[in-house]
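[1] Kindly generate the corresponding structure for this input.
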Amino acid sequence: MLRIDGRVLAASVLGVFLVGAIVGFAVGGGSGQPGGPATPTDAGPGDGAAPTPTPSPVPTPTGTAVPTTAATASPTPFPTVTPTPVSTPTATATSVPTVTAEPTPTATRTPALIRRFDTAESERHLRRLINDWREDRGLEPFTNPDGTVVRKLDRMATAHSVDMADLGETVHRIDNRSSAGRYRAAELFETCQFKKSDAQYIVTPTRNRLEVLGKTYAGKSYRGPNGTRYNGNESMVAQAVFDNWRTDSVFRDRLAYANASRIGIGVETTERNEVYVTGNLCGVYGSA
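    Numbering: from 1, shown residues only. Reported below is the predicted structural model:
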């Protein structure tokens, strides 16, 4: 059988009592009546009970509106823009240099129809002018205009004049064929060589030595070395070509070969009234 010490028991009872007292006081609100409701006590002025202070209302500060000075932006006056008149540049015509061909045709007269000009007649006039000039210089005239060699020379010269007319230029070499090449093609390269008078060398068709070229206009005014000129017929065309050959030192020297005996002449005209002329020389002797 469990035996409990009396001191322990007394201490336990005392602890229980103290816990109950504390709990009762807490529940009763400290009125001194354990377990009962707390009754309010009306205490008089002399009861010694301190009155409960009533809190004074705290004045709420009223915010005084501080006038805000609003900076009113005064509009800044802008200067009035006065439009400045802009001067429009005046286009000045720039002169363009004009390339002038020699001779330059000048349309001062209505051109005649080119078919009215007989190329064969111009050839005859030109041959006569050359022979007269050679005789005046003490040289033999070119002969046998109807011989075999001259006919070959005429065909060769005419073919080259046609090529120049098609090309529109007065040149010795066309389609990579030189004057010497044309003499070879006509089988006249060896035939037409001759010894130069008062010299120790043979004149051959190489370096264009046996060829003269010319260009003029028929039935159309043009500007020549001595001013405006107009060739109104075949003889005037021939004269214009001969004048150019006579005043050109290279062509003049070729026409003055003392040992040259034949000349072939070919004339070709164009729809633009241009006249292209070729002369081919030869030194053959005899009846050919």
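
[2] residue ranges of the helices in the protein, please?
    Assigned by DSSP state H, the helices in the chain fall at 6-28, 119-136, 148-167, 179-185, 234-247, 249-255.

[3] I figured residue 186 hits residue 158, correct?
    No: applying C-beta atoms under 8 Å as the test, residue 186 and residue 158 come out as separate, 11.7 Å apart. C-beta coordinates here come from the backbone N, C-alpha and C atoms, glycine included.

[4] What is the burial count for the nearest residue to residue 217 once chain neighbours are set aside?
    Residue nearest to residue 217 in three dimensions, not counting chain neighbours: residue 273, with 5.2 Å by C-beta to C-beta, 6 or more residues apart in numbering. Residue 273 has 20 neighbours, counted by other C-beta atoms under 10 Å.

[5] For stretch 151-166, buried residues please.
    By neighbour count on 16 or more other C-beta atoms under 10 Å, the buried set for stretch 151-166 is 152-154, 156-165.

[6] Quick one, which of the helices of the chain gets closest to residue 282.
    helix 148-167 (5.9 Å; C-beta to C-beta).

[7] Next, the angle from the closest one to helix 119-136.
    120 degrees (axes from the mean of the first three to the mean of the last three C-alpha atoms, to 10 degrees).

[8] what packs against helix 148-167?
    helix 179-185, strand 262-269, strand 274-282 (3 or more C-beta pairs under 8 Å, 6 or more residues apart in numbering; DSSP states H and E).

[9] related to what we said a few turns ago, the residue nearest to residue 217 touches residue 218, doesn't it?
    Yes: counting by C-beta under 8 Å, residue 273 does reach residue 218; the two are 5.4 Å apart.

[10] got any ranges where the stretch 1-150 of the chain has weak pLDDT?
    1-115 (pLDDT under 70).

[11] Swap in 90 and give it another go.
    For the stretch 1-150 of the chain, the stretches with pLDDT under 90 are 1-116.

[12] one step back: can you report phi and psi for the residue nearest to residue 217?
    Note on residue 273: its backbone torsions stand at phi 70, psi 20 [degrees, to the nearest 10].

[13] before we move on, back to that, among the helices of the chain, which comes closest to residue 173?
    Among those, helix 179-185 sits nearest to residue 173 (C-beta to C-beta), with 7.7 Å.

[14] just checking, what packs against that closest one?
    helix 148-167, strand 274-282.

[15] Could you give me the buried positions within it?
    Buried-residue list, helix 179-185, by 16+ other C-beta under 10 Å: 179, 180, 182, 183.

[16] What count of nearby residues applies to the closest residue in space to residue 144 that isn't next to it in sequence?
    Nearest non-adjacent residue to residue 144, counting by C-beta to C-beta, 6+ apart: residue 150, 5.7 Å away. Per other C-beta under 10 Å, the neighbour tally for residue 150 reads 24.

[17] Let me know whether residue 150 touches residue 262 as I believe.
    Yes: using C-beta under 8 Å, residue 150 makes contact with residue 262 at a distance of 5.3 Å.

[18] Spit out the residues that contact those two alike.
    Common contact partners of residue 150 and residue 262 (C-beta atoms under 8 Å, 6 or more residues apart in numbering): 144, 282.

[19] So for residue 212, which of the helices of the chain sits nearest?
    helix 249-255 (4.4 Å).

[20] Tell me how far residue 170 lies from residue 258.
    27 Å (C-beta to C-beta, to the nearest Å).
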